[in-house]
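Colleague: Please find the sequence and the predicted model below.
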Amino acid sequence: METMMQRWSCILVVALMVLVSDSRGHICIITPRQRGAFDISTPASSSCFRHQSPCGGQAAESPKMTYMGGKTALIRFQQNLNHYEVGLPGYMDISLAPNVNSTDFETLTLLGDTNEHLQWNQQNYTVPVAMPNMSCDHCVLRMRYVSHKPGEEVFYQCSDIAIKASKSTSVSEENLDKDVRETIPVSLKRAMSLYRKPITKMATVNEVHAADARPKAPSGSLYGIMWDPLQTTGSRLVNIDFNTGAINSRLGLYFGMGPNVQYGTVSPTAQSDKFVLDQIACYSRDIPYLFLLEHRNGDLDARPNKILWIDMQAMDIAGEYEIEGLEPNIHIATLNTYQRTNFLTFELQPTANSTGYFTLMFGTLDYMGNHIHLFTEPGSENLYVNFLWATVDIKRQMYYVLMGNENAHTALTARIHSFNITSKNVTNITEVDVSQYTINSIQAYEKTGQLFAVSPGLFPKEYPPWYLVVVDPVTGSVKPVIQIASSGMFAPFYGGAIVNIDQTHGLLFYNFRVADSMANIIATVSLDTQEVFFSQLTSLQLVHNIAHFDAYAP
């Protein structure tokens with residue numbers, strides 16, 4: 001079935017979560033007013049306790065509000081009672097169906113449960129969302145609350161609305177009404193001002209056409225896997241525009257991300273052990289294929305046993321092969337492009353009879369699943385055992401692996417393991433100097449041979465400035481290159497690194513989370529000119545394995 005995402009090719013969702021009152025926080029929609037009875041005066045209100053899909057068993061009503069397409073609308077709701085499950089916090093989502101009879105709801109954003117330790121609680125939220133630029137006389141806005149509490153069903157509410165298409169789709173503070181401007185946090189207002197529109201001017205006889213304030217590279221070169229645990233149709237391969245932030249669906253996939261309820265089974269809601277690994281996305285530089293590691297059989301303690309490849313031109317799953325030549329207790333932590341159909345791997349193996357100790361190893365894996373061992377580091381390790389990132393400098397035949405200290409939760413100490421691919425041995429194990437700048441990833445720029453990273457300085461800071469830093473794998477020094485963003489805008493989220501530098505155009509990408517919100521901004525950093533470009537606001541909370549893939553490269 002064609003999804004709303006496919007029909008709305010230019011959707012820009014701006015989703016942010018703002019706590020506007022602490023009034024005491026089941027689920028009820030305040031604005032636009034939900035169907036049926038409405039009472040949020042006390043916790044555990046029966047009007048907020050509705051479990052029947054898709055709209056809590058409430059009949060459709062006439063639209064309560066009309067919104068302008070492409071403009072930002074306020075959605076207000078109350079978490080009327082909290083149902084926290086220790087170890088697995090719940091979440092809420094907002095989605096939209098194009099007409100009153102449709103069951104094709106497209107998730108706009110997913111909000112984590114922020115009141116996880118207090119059940120008898122009411123909390124009001126305001127979520128500004130940029131409506132898709134479309135027209136509908138009667139569409140349906142739906143909210144769900146999934147608590148993850150055993151025995152507690154999903155809560156549903158719906159509101160009936162209308163949308164009128166508008167000519168302008170850009171999102172800026174001028175697009176917001178006064179009510180929205182007063183509600184959104186300062187961090188988001190600042191972030192909204194970062195986007196620089198293309199600068200155009202009248203062409204003269206000697207000029208070709210307009211100047212541009214954007215990177216001179218194809219903007220649709222980022223891809224990821226959109227995985228919504230609330231959907232029952234698997235995941236989707238999506239394309240992300242690093243200028244506009246628009247997300248376009250390219251391919252439906254049968255699997256999910258990580259061990260959860262999966263949808264490659266006969267029963268779409270049956271528990272299954274079929275999933276692909278999060279944070280692993282290996283794009284070949286020589287052929288248009290994406291390679292993923294897949295868990296297809298065995299219990300959840302068993303390692304992934306398949307290599308899965310996707311044809312990026314045909315946009316189809318091209319094949320999968322059993323991984324051979326690897327001991328059962330060796331776990332592949334990363335898969336990095338190397339040769340045409342041969343990839344570098346870094347592996348960890350629990351050390352026999354030594355709880356908490358691991359042996360670190362390097363190898364290769366080809367597209368047919370054949371693994372070859374290259375090198376085992378001498379001894380075993382019990383501190384620097386948290387894999388963070390790996391990057392390859394093919395030009396210099398170097399493979400760099402960043403490992404974090406298990407016990408340095410705030411100091412974030414780390415080491416770089418430098419592996420020479422030609423000689424098949426580790427040349428350096430270097431302690432990273434994190435006295436001024438902490439990092440969670442490293443990216444090799446082959447033009448200069450440097451390792452770059454994005455850092456918020458020291459942890460923890462609530463609204464830190466962010467820097468492009470250069471990391472020396474031999475000395476461990478970390479030095480600032482430029483300030484990417486000033487303080488007061490972005491959250492101290494270390495998981496925003498995007499796989500692969502654009503080696504052709506010298507661009508590094510980073511996915512920032514706007515503080516006090518569920519919004520994202522993609523920063524594009526030119527490593528040659530040190531210019532920084534920002535996307536428009538977008539929502540990437542559901543997108544995993546984001547990576548650069550240059551389909552236009554020779």
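Modeller: Thanks, I have the structure now.
Colleague: ok, residues contacting stretch 427-440?
Modeller: Stretch 427-440 is contacted from outside by 377, 388-389, 402, 404, 411-420, 453-459, 467, 469, 471, 473-478, 480, 494-495, 497, using Cβ atoms under 8 Å, 6 or more residues apart in numbering. For every residue, glycine as well, the C-beta is placed using N, CA and C.
Colleague: so N80 sits right up against C48, yeah?
Modeller: Yes - if you go by Cβ atoms under 8 Å, N80 and C48 touch, sitting 3.8 Å apart.
Colleague: Wasn't S187 part of a strand?
Modeller: No - counting by DSSP: H, G, I helix; E, B strand; the rest coil, S187 is not part of a strand but helix.
Colleague: Now it. Nearest residue, chain neighbours left out?
Modeller: A515 (3.9 Å; Cβ to Cβ, 6 or more residues apart in numbering).
Colleague: Isn't that neighbour up against K189?
Modeller: No - A515 is beyond contact range of K189, at 11.2 Å (criterion: Cβ under 8 Å).
Colleague: Quick check on the contacts of stretch 427-440: which are buried?
Modeller: Neighbour counting with 16 or more other Cβ atoms under 10 Å marks 377, 388-389, 402, 404, 412-420, 453-459, 467, 469, 471, 473, 476, 478, 494, 497 as buried within the contacts of stretch 427-440.
Colleague: Go through stretch 247-259 and flag the buried ones.
Modeller: Neighbour-count burial for stretch 247-259 [16+ other Cβ under 10 Å]: 247-249, 251, 253, 255-257.
Colleague: Outline the domain layout of this structure.
Modeller: Annotated domains of the chain cover 26-170, 221-548 [the TED database].
Colleague: Make JSON lines from the ones you listed and add mean pLDDT to it.
Modeller: Output for the domains of the chain, formatted as JSON lines (pLDDT from 0 to 100):
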{"stretch": "domain 26-170", "mean pLDDT": "79"}
{"stretch": "domain 221-548", "mean pLDDT": "89"}
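Colleague: Need those domains in a markdown table (columns: distance to L194).
Modeller: Output for the domains of the chain, formatted as a markdown table (distance: least, Cβ to Cβ, whole Å):
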| stretch | distance to L194 |
| --- | --- |
| domain 26-170 | 13 |
| domain 221-548 | 4 |
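Colleague: returning to what we had before: adding secondary structure and distance to H548, write the buried residues of stretch 247-259 out as CSV.
Modeller: Below are the buried residues of stretch 247-259 laid out as CSV (DSSP: H, G, I helix; E, B strand; the rest coil; distance: Cβ to Cβ, whole Å):
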residue, secondary structure, distance to H548
I247, strand, 15
N248, strand, 16
S249, strand, 19
L251, strand, 18
L253, strand, 20
F255, coil, 22
G256, strand, 23
M257, strand, 19
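Colleague: need the contact list for the residue lying closest to G356 once chain neighbours are set aside.
Modeller: Excluding the flanking residues, the one nearest G356 by Cβ to Cβ, 6+ apart is N382, at 4.9 Å. N382 is in contact with 354, 356-358, 406, counting by Cβ under 8 Å, 6+ apart.
Colleague: Quick check on the residues you listed: which are buried?
Modeller: By neighbour count, with 16+ other Cβ under 10 Å, the contacts of N382 hold 357-358 as buried.
Colleague: Return the member of the contacts of N382 nearest to F549.
Modeller: Nearest to F549 among these, counting by Cβ to Cβ, is F358 at 31.4 Å.
Colleague: For stretch 36-56, output the C-alpha coordinates as PDB.
Modeller: What follows is stretch 36-56 as a C-alpha-only set of coordinates in PDB (Å, rounded to 0.1, in the frame of the first residue of the first chain):
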ATOM      1  CA  GLY A  36     -15.900  12.100  22.500                       C
ATOM      2  CA  ALA A  37     -15.900  13.100  26.200                       C
ATOM      3  CA  PHE A  38     -13.100  15.200  27.500                       C
ATOM      4  CA  ASP A  39     -12.000  15.700  31.200                       C
ATOM      5  CA  ILE A  40      -8.500  16.300  32.400                       C
ATOM      6  CA  SER A  41      -9.400  17.600  35.900                       C
ATOM      7  CA  THR A  42      -8.100  14.500  37.700                       C
ATOM      8  CA  PRO A  43      -5.500  11.800  37.000                       C
ATOM      9  CA  ALA A  44      -6.900   8.500  35.700                       C
ATOM     10  CA  SER A  45      -9.800  10.200  33.900                       C
ATOM     11  CA  SER A  46     -12.000   7.800  32.000                       C
ATOM     12  CA  SER A  47     -12.000  10.100  28.900                       C
ATOM     13  CA  CYS A  48      -8.200   9.600  28.700                       C
ATOM     14  CA  PHE A  49      -8.500   5.800  29.000                       C
ATOM     15  CA  ARG A  50      -9.300   4.400  25.500                       C
ATOM     16  CA  HIS A  51      -7.700   1.300  24.100                       C
ATOM     17  CA  GLN A  52      -9.600   0.500  20.900                       C
ATOM     18  CA  SER A  53      -7.600   1.000  17.700                       C
ATOM     19  CA  PRO A  54      -7.400   3.300  15.800                       C
ATOM     20  CA  CYS A  55      -9.300   6.100  17.600                       C
ATOM     21  CA  GLY A  56     -10.300   4.700  21.000                       C
END
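Colleague: Report the buried residues of it.
Modeller: 40, 43, 45, 47-48, 50, 55-56.
Colleague: Tell me which two in those are the farthest apart.
Modeller: P43 and C55 (22.5 Å).
Colleague: give me the number of residues near the spatially closest residue to Y463 that is not a sequence neighbour?
Modeller: Nearest-residue entry for Y463: G488, 4.8 Å, with adjacent residues in sequence omitted and distances by Cβ to Cβ, 6+ apart. Using other Cβ atoms under 10 Å, G488 has 16 neighbouring residues.
Colleague: For L468, see how far away G488 is.
Modeller: 18 Å (Cβ to Cβ, to the nearest Å).
Colleague: The domains of the chain: which one's closest to R196?
Modeller: Nearest to R196, of all the domains of the chain, is domain 221-548, at 7.0 Å by Cβ to Cβ.
Colleague: Would you mind measuring the gap between the ends of the closest one?
Modeller: 6 Å (Cα to Cα, to the nearest Å).
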